[in-house]
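S.K.: can't give you the sequence, but here's the structure:
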């Protein structure tokens, strides 16, 4: 379908892509991966003809239809959301006009056996097939389903596109691409402006769609589910794997290990051969053997190890000072702005050491609550306050507005650093990949990913016990996100995070607050439990909306599966799901708290054992008084948490 042949892109003395080759075949679903700035977006522009290579070519059929979603685009104005979305079906009119023209031509011709007549018949069949696929449902119904899946509401359909943010206009463009059913889709970070539910919907859509796909995404789970092939760009070269992302990571690790082992074996053999040649080069009795060894080395195919980019973040948050047991508590709060209530009557409680996610559709109030927690916004009614001795580090989503564009990278940290930490600023910046001349760059010239890293570096300057992070992984590549996630899992303070990245949240948080339709609802458990329940509710909504009969059954694994209602017993999905999940909310809350306490007790016991080892055999550099004080504090904390654990276990057995 599309062939990329010996393609090179160079800027001055810098080569971005160095003579790369690969082929996109029909029904290939390719994940294009690599670090920020590796050239992923450039490849998409080259395929679309929006950019020309320095050398090489991109070959594609003349009649191929490509749907391209860039990261940044111009949006159309003057139409409603529905009117703009329905422009995706403009080609239906073109197909119908061509069919009418063919029909008129066939009606007047009598050369039934000619090649041109048969070509017209074949073309008419192809067009009819295309039209029947498009008309599987009325365009308005298809458009409604797609827009609802991408997070729009009925009330949005009649609004002008210019009244929506850039992120929502991106969803309209994405809907148009999906509905136009191109031969090849090129999607550059399509999940950047989507919430979790919309990402799940898009994932299911792309998974079941026929046709080719070239996808750039930093969402590991999304890549694993949607793609069947991974093309990696590294240091200007590509490596092609016929597997999804996680399998590619595994195979790549194995390949590099095999290359390294073979390289080391060959290196040892070469050293021994060269040593033999040098020792016996001038001995007549060994001359034949020496010449043989020299020829052997000349003919040897030298093994090379693929170049790898090993530059990576090294994030470790400072130890968190102790705060009160309740870190943040809100009772019956209503929050909003003049003339607009965002959410109302919300009860929220975050305890010390918990890791909590705020999730929901864009615009439902997640960032607004973050501003309340940070003290930047007061509730309209109700009470919201932070707990005793809480020191909060706030990472805002709009880093370009928070950071002073006129300062350099160095000045950004130097202006707020105090005390001994000032001597470690270069080390901190190096951890976040700012080295050498990078520290003298102005914030105004930094990329989105660089700004995100600089904003995160500020957290190293003070030991916070509450981290409030609003979309911290936006613009971060997959490796950087994994490193940040590991650092947050190891962080011993409290975490409140807004994110739509399911892989990032999975295993990191164990409690969530969902923002939906002006209300805030607590969910105990991990992100996968929440998504399963939400998907069921979404299916119910579609069933009610579009009249499709579905019956749902609970399988042996506790998950719901759907089948045609004509064959199975009709059963309300919500009732089936709730019956399977027989525990009450209070019981689940207790179990969640018990699991959390068991983890904390294990950590405390481990810390105390380490201190006991030092106290049993102290050295001259050990501060016995400080160690004893820490040990007694940990002991009091252990007794407190053990007593709470025993009390909750008694309640569970009642």
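M.R.: Cool, got the structure. The shown structure was predicted, so the numbers you read here are calculated from the model rather than taken from an experiment.
S.K.: In terms of helices and strands, where is the residue lying closest to residue 389 once chain neighbours are set aside?
M.R.: Of all residues not flanking residue 389 in the chain, residue 323 sits nearest, at 4.9 Å (Cβ to Cβ, 6 or more residues apart in numbering). The C-beta positions use only the backbone N, C-alpha and C, and glycine is treated the same way. For residue 323, there is no enclosing helix or strand under DSSP states H and E.
S.K.: which residues does residue 323 contact?
M.R.: Residues in contact with residue 323 (Cβ atoms under 8 Å, 6 or more residues apart in numbering) are 352, 387, 388, 389, 390, 391, 465, 466, 493, 494.
S.K.: For those, pick the one with the most neighbours.
M.R.: Among the contacts of residue 323, residue 493 has the most neighbours (other Cβ atoms under 10 Å), with 26 neighbours.
S.K.: hang on, isn't that one packed against residue 469?
M.R.: No. The criterion here is Cβ atoms under 8 Å, and residue 493 misses it with residue 469 at 11.9 Å.
S.K.: Phi, psi for residue 340 please.
M.R.: Taking degrees, to the nearest 10, you get phi -150, psi 120 for the backbone angles of residue 340.
S.K.: Please disregard the earlier target; I meant residue 17.
M.R.: Per-residue torsions, residue 17: phi -130, psi 130 (degrees, to the nearest 10).
S.K.: What's the per-residue pLDDT of it here?
M.R.: Predicted confidence (pLDDT) for residue 17: 90.
S.K.: Could you find the closest non-adjacent residue to it?
M.R.: Of all residues not flanking residue 17 in the chain, residue 9 sits nearest, at 4.4 Å (Cβ to Cβ, 6+ apart).
S.K.: Please point out which parts of the helix or strand that contains that neighbour sit buried.
M.R.: According to DSSP H and E, residue 9 maps onto strand 2-11. For strand 2-11, a neighbour-count test (16 or more other Cβ atoms under 10 Å) marks 2, 4, 7, 9 as buried.
S.K.: And stretch 100-113, by the same measure?
M.R.: Residues residue 102 are the ones in stretch 100-113 that count as buried (16+ other Cβ under 10 Å).
S.K.: follow-up on the earlier one: if I look at the residue nearest to residue 17, how far off is residue 69?
M.R.: Residue 9 sits 21 Å away from residue 69, going by Cβ to Cβ, to the nearest Å.
S.K.: Not counting sequence-adjacent ones, nearest residue to residue 246?
M.R.: In space, and not counting its chain neighbours, residue 246 is closest to residue 224: 5.2 Å by Cβ to Cβ, 6+ apart.
S.K.: pretty sure that neighbour contacts residue 243?
M.R.: No. Taking contacts as Cβ under 8 Å, residue 224 lies outside contact range of residue 243: 9.8 Å.
S.K.: any idea where the strands of the stretch 151-300 of the chain begin and end?
M.R.: 184-188, 212-216, 229-234, 237-241 (DSSP state E, counting those that start in this stretch).
S.K.: ah, wrong one, I meant the stretch 1-150 of the chain
M.R.: Taking DSSP E, counting those that start in this stretch to define them, one finds strands in the stretch 1-150 of the chain at 2-11, 14-24, 29-33, 55-59, 66-69.
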